[in-house]
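Q: structure of the sequence below:
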Amino acid sequence: MPIIIGIIISYLLGSIPTAYLFGKALKGIDIRKHGSGNVGATNAMRILGRGPGITVLFIDVVKGFVAVAVVGAMLSSRISYISKDLVVLACGFSCIIGHNWTIFLGFKGGKGVATTLGVLLGLMAGNLVLSVAVGFVFLTWVVMFLIVRIVSFASLAAAISLPVYLLIFDQPKVLLCAGFVLSGFIILRHKKNIIRLIRKEEPHICLKFPKHQENAFQK
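A: Reported below is the predicted structural model:
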């Protein structure tokens, strides 16, 4: 079935461990053994530098966008027995699952924030109201980060705000349900961060990312 193929392709696309590959290519290291140990853009920025970190962030966002706007869109144009929204959402979820539980690293991956953003960007195409809602989610992340300088706190705040804004802007039930699932994924992947936040042990981020900061993330 085409939908199964699309889901597999989206999963494999999400499974590309960008930060891990950059760590190996640029410094010959396993990024999982450095900094926070997370295979994501934030840890890549801490360990590899701002340029590689931003590149990893961009690629992880693109993975989610392509899964929805390319793979999902192509499938939905060929499938009539499933609604377009469900097809693109299935591809988007599969991509995020691939990023979070990548087959290439023993089903251990990143936390899915960047890839989730890519999925949302893909869903925004042609939906102005959804674009506004997602814009408020992004603004929530920026404001929370600027206030507390903790990426995990900002990500959790943005995740929690996603279904709230979707509800406020009266989005369809399928998108509202998707918002709750996406929010749940991010919260689930931040369990350890939540514990450190409660204990006030979660480190703050210095925007200049000084070299000595890596030691602060060995917890």
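Q: which residues in this protein form helices?
A: If DSSP state H is used as the criterion, the helices of the chain fall at 2-15, 18-27, 41-48, 50-66, 73-76, 84-100, 113-124, 128-148, 151-168, 173-189, 191-198.
Q: would you list the ones you listed in CSV and tack on distance to G35 and mean neighbour count?
A: For every residue, glycine as well, the C-beta is placed using N, CA and C. What follows is these, written out as CSV (distance: least, Cβ to Cβ, whole Å; neighbours: other Cβ atoms under 10 Å):
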stretch, distance to G35, mean neighbour count
helix 2-15, 21, 19
helix 18-27, 10, 19
helix 41-48, 5, 25
helix 50-66, 11, 20
helix 73-76, 36, 19
helix 84-100, 18, 24
helix 113-124, 16, 25
helix 128-148, 18, 16
helix 151-168, 12, 21
helix 173-189, 16, 17
helix 191-198, 13, 14
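Q: nearest to H34, out of those helices?
A: helix 41-48 (4.8 Å; Cβ to Cβ).
Q: which other helices and strands contact that closest one?
A: helix 18-27, helix 50-66 (3 or more Cβ pairs under 8 Å, 6 or more residues apart in numbering; DSSP states H and E).
Q: rewinding a little: I'd like the helices of the chain laid out as a markdown table, including mean pLDDT.
A: Conversion of the helices of the chain to a markdown table gives the following (pLDDT from 0 to 100):
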| stretch | mean pLDDT |
| --- | --- |
| helix 2-15 | 95 |
| helix 18-27 | 97 |
| helix 41-48 | 93 |
| helix 50-66 | 97 |
| helix 73-76 | 92 |
| helix 84-100 | 96 |
| helix 113-124 | 96 |
| helix 128-148 | 97 |
| helix 151-168 | 97 |
| helix 173-189 | 96 |
| helix 191-198 | 94 |
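Q: okay, those helices in TSV with distance to K33 next?
A: Below are the helices of the chain laid out as TSV (distance: least, Cβ to Cβ, whole Å):
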stretch	distance to K33
helix 2-15	20
helix 18-27	9
helix 41-48	10
helix 50-66	17
helix 73-76	38
helix 84-100	19
helix 113-124	21
helix 128-148	26
helix 151-168	20
helix 173-189	19
helix 191-198	16
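Q: so S155 makes contact with G112?
A: No. Counting by Cβ atoms under 8 Å, S155 sits too far from G112 to count as a contact (9.4 Å).
Q: spell out which residues are contacts of both of the two.
A: Jointly contacting S155 and G112 under the rule Cβ atoms under 8 Å, 6 or more residues apart in numbering are I186.
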